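Show me how the following folds:
(one chain, ligands or ions: 1)
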Amino acid sequence: MSVDLGGTNFRVCSVHLNGDSTFNLTYNKVAIPRELMLAKTSKELFGFLAKQIELFLKEHHEEHFEAHQRRRKSAKPGEDYETEDIFQLGFTFSFPVQQLGINKGNLIRWTKGFDIPDAIGKDVCALLQQEIDLLHLPVKVAALVNDTVGTLMARSYAAPGKTSTLIGAIFGTGTNGAYVEKITNLQKPVDGQYDKSTGEMVINSEWGSFDNQLNVLPNTPYDKKLDEDSVNPGIQIFEKRVSGMFLGEITRLAVLDLYEKPSLSLFKDVSSSTNNGKAATRVGEGSGLFQQWGLDSSLMSIAAADTTPELSTLRKELESQLQIRSATVEEARAFKDISYAVGRRSARLSAVALGSIVMQSGRLKETKGEPVDIGADGSLVEHYPSFRDMIYEAFNKIDGIGAEGTERIRIGIAKDGSGVGAALIALVAANMEKRGTLDELAALKNKATQKLAGAIPSVGESTTLV
Ligand code: GLC
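Below is the predicted model of the structure:
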């Protein structure tokens, strides 16, 4: 099983792996209520999450759920009903954590509009487990997974051919990438015990926070304003130029700026003779154009997809979504161009993040001819027209990749990747635990055999066994 706390939705899934790179997935999805993103205590959020798990189990795994409840109620003291038939849960928690073990990690900071100070520094798996236990659910939080890591796992399972996937990336509400790095390249000390036998480790880059100092990133007045008015000014600066949560807002600020310029007449009625030479507005007072977050990024996808000469779909949407009445074709085109510029900049910056990892991996040089595989998921890469093509176009321009390298880079959509990936990781974690217990038992047996062997008298001797 897995749950996925992303930026916008909370999903609960159960996954059946068919073992042939296909899987069946059952899931429920709910929008995370805004007040929970800014709740006073973490209990409010995690209590809500546990409740959703309970609803999911009742709906899709009723028999299992009821059987567990019956066993719990009829259990005699000391009887171990709890470990029977437990769902191993992969917890996709898509925020920066200091990971301390397979199912242990402390929250470093919130991103994507969440702000619950009380949770910072706490182990998010323990917070979820506490709430699950309060509801007596047959669920164990077995693995903590970032969505990018889940996507990497899912793509590795589903990717065509034998090539191992290098990167799992999210271009959705937020943006981030995880990739496979050689342990010898790690420069940062890694705490705790981990398996070094493969010589590799998955790194969650948290590239959303790249260049918070603004040494190289573009910084328009609209970027500045967006950051100043956000819940976390000064951080996630790369993400604020790339991901779906922010693109609509950048576009809104740019369009609003043009709207407010007296020298322009964007969305104003210039031909009216009754307004003393001042242009009358055709934008409703309650329009999202005047409100923070009032322009949904999905409108940008509509703008990009409308290639009709009259831009009729876009003009209709401007009216229904933003109360912009009777927009002319020129005005709609201006909107489309601004929106395209914001979308294209996002894709080009995304190419920088992906391209730098591809180059760092050395795979373009080392594995001649083989594709360099990337799994990607998120609303932007899925729904924004040509987002992937714009990334490929930008790869072409990067020294060290060029046309030849671009040919070899393959970005595959790993739909629902993080849910499937987290379930895969939970499964691996559960197997590791089982193997660990078996190893321990084997070690104990060995020790006992040796002791016994030492204690058994040789022929002619005698001893007392205790
Ligand atoms: C934010 C989070 C990161 C996550 C990404 C995509 O950047 O900090 O952990 O992977 O959003 O959801």
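
Quick one: residues contacting residue 247.
Neighbour list for residue 247: 297, 300, 342-343, 346, 380 [criterion: CB atoms under 8 Å, 6 or more residues apart in numbering]. The way it works is simple: take the backbone N, C-alpha and C, and place the C-beta from them, glycine included.

go with 6 Å
297, 342, 346 (CB atoms under 6 Å, 6 or more residues apart in numbering).

how about those in TSV, adding secondary structure, pLDDT and distance to residue 147?
Converted to TSV, the contacts of residue 247 look like this (DSSP: H, G, I helix; E, B strand; the rest coil; pLDDT from 0 to 100; distance: CB to CB, whole Å):
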residue	secondary structure	pLDDT	distance to residue 147
297	coil	95	18
342	helix	98	23
346	helix	98	18
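
which of these are buried?
297, 342, 346 (16 or more other CB atoms under 10 Å).

just to revisit the earlier point, I'd like a version of the contacts of residue 247 in CSV, one that adds distance to residue 33 as further columns.
CSV is the format used below for those (distance: CB to CB, whole Å):
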residue, distance to residue 33
297, 20
342, 28
346, 27
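
Pick the one among the buried ones among the contacts of residue 247 closest to residue 182.
Within the buried ones among the contacts of residue 247, proximity to residue 182 (CB to CB) peaks at residue 346, which comes in at 30.1 Å.

quick one: the spatially most central residue of the chain and residue 185, what's the gap?
The structure's the chain has its C-alpha centroid closest to residue 147; by CA atoms, centre = their mean the separation is 3.7 Å. For residue 147, the distance to residue 185 (CB to CB, to the nearest Å) stands at 24 Å.

before we move on, what about residue 30?
40 Å.

if you count what's nearby, which of those two comes out ahead?
Higher neighbour count among residue 30 and residue 185: residue 30, with 15 against 12, using other CB atoms under 10 Å.

Can you verify my assumption that the more buried one contacts residue 12?
No. Residue 30 lies out of contact with residue 12 (CB atoms under 6 Å); the separation is 8.6 Å.

and residue 97, how many residues sit next to it?
Residue 97 - counted by other CB under 10 Å - has 20 other residues nearby.

Now it: phi and psi?
phi -130, psi 150 (degrees, to the nearest 10).

can you tell me which residues contact it?
Shown in contact with residue 97 (CB under 6 Å, 6+ apart): 105, 107.

can you check residue 28 too?
Residue 28 makes contact with 12, 56 under the criterion CB under 6 Å, 6+ apart.

ok, 7 Å please
Residue 28 makes contact with 11-12, 56, 59, according to CB atoms under 7 Å, 6 or more residues apart in numbering.

And for residue 136?
Residue 136 neighbours (CB under 7 Å, 6+ apart): residue 72.

Which ones among the contacts of residue 28 map onto strands?
With DSSP state E as the criterion, strands contain 11-12 from among the contacts of residue 28.

Tabulate the contacts of residue 28 in a markdown table, adding columns for neighbour count and distance to residue 133.
Formatted as a markdown table, the contacts of residue 28 follow (neighbours: other CB atoms under 10 Å; distance: CB to CB, whole Å):
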| residue | neighbour count | distance to residue 133 |
| --- | --- | --- |
| 11 | 20 | 21 |
| 12 | 24 | 17 |
| 56 | 23 | 17 |
| 59 | 12 | 21 |
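
Could you dump the contacts of residue 28 into TSV with pLDDT and distance to the ligand added?
Listed next are the contacts of residue 28 as TSV, based on pLDDT from 0 to 100; distance: CB to the nearest ligand atom, whole Å:
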residue	pLDDT	distance to the ligand
11	93	12
12	95	17
56	96	21
59	94	26
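
Between the two ends of stretch 191-201, what distance do you get?
13 Å (CA to CA, to the nearest Å).

just how off-centre is that stretch within its chain?
With CA atoms, centre = their mean, to the nearest Å as the basis, stretch 191-201 stands 24 Å off its chain's centre.

what does it rub up against?
Contacts of stretch 191-201 (CB under 7 Å, 6+ apart): 100-101, 180-183, 186.

shared neighbours of residue 30 and residue 12, which are they?
By CB under 7 Å, 6+ apart, residue 30 and residue 12 have these common neighbours: residue 52.

Contact partners for residue 396?
Contacts for residue 396 (CB under 7 Å, 6+ apart) come out as 402-403, 406.

got a pLDDT number for it?
pLDDT recorded at residue 396 is 97.

mind listing what's buried in the helix or strand encompassing residue 335?
Assigned by DSSP states H and E, residue 335 falls within helix 329-361. Residues 331-332, 334-336, 338-340, 342-359, 361 are the ones in helix 329-361 that count as buried (16+ other CB under 10 Å).

Equivalent analysis for stretch 20-28, please.
23, 27-28.

ok, and of those residues, which contact the ligand?
By CB under 6 Å from any ligand atom, no member of those lies near the ligand.

Of these, which belong to helices?
Among these, none falls in helices (DSSP state H).

Redo those as a markdown table? Include pLDDT.
A markdown table is the format used below for those (pLDDT from 0 to 100):
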| residue | pLDDT |
| --- | --- |
| 23 | 80 |
| 27 | 89 |
| 28 | 93 |
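
Just to check, the residue nearest to the centre of the chain is in contact with residue 92?
Yes. The pair residue 147 and residue 92 passes the contact test of CB atoms under 7 Å, sitting 5.2 Å apart.

between the two, what contacts are shared?
Contacts common to residue 147 and residue 92, judged by CB under 7 Å, 6+ apart, are 4, 418.

pLDDT weak spots in the stretch 201-350 of the chain?
Along the stretch 201-350 of the chain, the parts satisfying pLDDT under 70 run over 271-280.

Which single residue of the chain ends up nearest the ligand?
residue 174 (2.4 Å; CB to the nearest ligand atom).

Now that we're looking at that residue, what pLDDT does it have?
Looking at residue 174, its pLDDT reads 96.

Next up, the contacts around it.
Neighbouring residues of residue 174 by CB under 7 Å, 6+ apart: 7, 94, 111-112, 208, 239, 243, 245.

Most neighbours of all the residues you listed, which one?
For the contacts of residue 174, neighbours tallied by other CB under 10 Å; top is residue 243, 27 neighbours.

wait, that residue sits on residue 173?
Yes. With contact defined as CB under 7 Å, residue 243 counts as touching residue 173 (6.2 Å).

Show me what from the stretch 1-150 of the chain comes close to the ligand.
So the stretch 1-150 of the chain meets the ligand at 6-7, 94-96, 111-112, 146-148 (CB under 6 Å from any ligand atom).

Give me the phi and psi angles of the closest residue in space to residue 37 that isn't next to it in sequence.
Among residues not flanking residue 37 along the chain, residue 114 sits closest, at 4.7 Å (CB to CB, 6 or more residues apart in numbering). Main-chain dihedrals, residue 114, degrees, to the nearest 10: phi -80, psi 150.

and whichever strand or helix holds residue 247, how far from the chain's centre?
Element membership of residue 247 [criterion: DSSP H and E] is helix 244-260. When C-alpha coordinates are averaged (CA atoms, centre = their mean), helix 244-260 and its chain have centres 24 Å apart.
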